[in-house]
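Novice: pasting a predicted model and its sequence here:
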Amino acid sequence: MLTGLSDKDLRGQAFDDEAIIALIVDSDLVIAHNAAFDRPFLERRFPSLKQKAWACSLTQIDWLALGFDGRSLGHLLVQSGRFFEGHRAANDTAALTTLLGFELTDGRTVLSHLLDRCEVDSIQVDAINAPFEAKDMLKGKGYRWDPERRFWGREVDKKDLTEEMDWLDQYVYQGHGKANFRTITPCERFKSRS
């Protein structure tokens with residue numbers, strides 16, 4: 001049992017939706033450790049979250065560059081000298097809050113690095129009609145396969161767009177096609193595609 005909660009534990013229990021909405025109504029930013037997973041189902045339950053900017057401590061921080069060798073919340077906490085029992089909502093929240101306040105060797109907090117990254121627009125690159133033979137190169141460069149839309153895609157910083165376009169032209173399309181590009185704002189990031 002991942003969470004330690006059984007159906008018996010949950011029977012008759014309910015979230016206080018009004019209290020939750022009151023807590024989030026004035027927030028400027030929602031932070032999750034896997035926002036692409038959390039945002040779609042939270043927006044279904046709390047539609048007011050659709051207008052909020054989101055940040056992801058899992059994908060929007062270059063953990064390797066900051067001296068860590070993993071990205072899972074538990075692993076990051078251990079490397080920062082802390083330990084917690086994961087997969088419990090309150091524990092996960094406390095763990096992420098603690099991690100965001102952790103001061104790094106550059107004198108900045110993890111939160112500071114995340115805010116630098118999440119507050120700016122980025123570019124979604126969709127490698128539409130990329131040749132099948134390019135799949136391993138795309139995967140190696142961080143592209144993910146979208147089984148519903150049937151193409152590879154990834155998000156890149158605006159400053160890296162020209163380099164990404166050149167790489168796609170040279171190694172993927174080789175003069176036979178082009179990728180699609182669209183701007184992603186902090187309020188659109190991690191939204192469900194459906």
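Specialist: On my side now, so go ahead. Note that the structure is predicted; figures quoted are calculated from it, not measured. Numbering: from 1, shown residues only.
Novice: which ones are touching residue 121?
Specialist: Residue 121 sits next to 158, 183, 184, 185, 186 when contact means C-beta atoms under 8 Å, 6 or more residues apart in numbering. For the C-beta atoms, the positions are set from N, CA and C on the backbone; glycine is no exception.
Novice: let's see that with 7 Å instead.
Specialist: 158, 183, 184, 185 (C-beta atoms under 7 Å, 6 or more residues apart in numbering).
Novice: does the first one touch residue 125 like I think?
Specialist: Looking back up the chat, that one is residue 158. No - the criterion here is C-beta atoms under 7 Å, and residue 158 misses it with residue 125 at 11.3 Å.
Novice: of these two, which one has the most company?
Specialist: More crowded of residue 158 and residue 125, by other C-beta atoms under 10 Å: residue 125, with 24 against 12.
Novice: might you report the residue contacts of the more buried one?
Specialist: 153, 154, 156, 164, 179, 181.
Novice: report the mean per-residue pLDDT for the helix or strand hosting residue 55.
Specialist: Using DSSP states H and E, residue 55 falls within strand 53-56. Averaged over strand 53-56, pLDDT sits at 94.
Novice: contact partners of that strand?
Specialist: The contact list for strand 53-56, computed with C-beta under 7 Å, 6+ apart, reads 28-32, 34-36, 39, 114, 118, 186-187, 189-190.
Novice: buried subset of the residues you listed, written for ChimeraX?
Specialist: Selecting only the buried entries of those in ChimeraX, with 16 or more other C-beta atoms under 10 Å as the criterion:
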select :30,31,32,35,36,39,114,118,186,189,190
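Novice: returning to what we had before: which PyMOL command selects the buried ones in the contacts of residue 121?
Specialist: Selection of buried members from the contacts of residue 121 for PyMOL, criterion 16+ other C-beta under 10 Å:
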select buried, resi 184
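Novice: now, among the contacts of residue 121, which is nearest to residue 107?
Specialist: Proximity of the contacts of residue 121 to residue 107 (C-beta to C-beta) peaks at residue 158, which lies at 26.7 Å.
Novice: which element, helix or strand, includes the closest residue to the closest one other than its chain neighbours?
Specialist: Nearest residue to residue 158, sequence neighbours excluded (C-beta to C-beta, 6 or more residues apart in numbering): residue 123, at 5.8 Å. For residue 123, the element it lies in under DSSP H and E is strand 122-127.
Novice: and the helix or strand following that strand, which residues are buried?
Specialist: Counting by DSSP H and E, the next helix or strand C-terminal to strand 122-127 is helix 135-140. Neighbour counts using 16+ other C-beta under 10 Å place 137, 138 of helix 135-140 among the buried residues.
Novice: need the mean per-residue confidence for helix 135-140.
Specialist: Helix 135-140 comes out at a mean pLDDT of 95.
Novice: distance from that helix to the middle of the chain?
Specialist: Centre-to-centre, helix 135-140 and its host chain are 20 Å apart (C-alpha atoms, centre = their mean, to the nearest Å).
Novice: got a list of contacts for that helix?
Specialist: With contacts defined as C-beta under 7 Å, 6+ apart, helix 135-140 is touched by 127, 130, 152, 171, 172.
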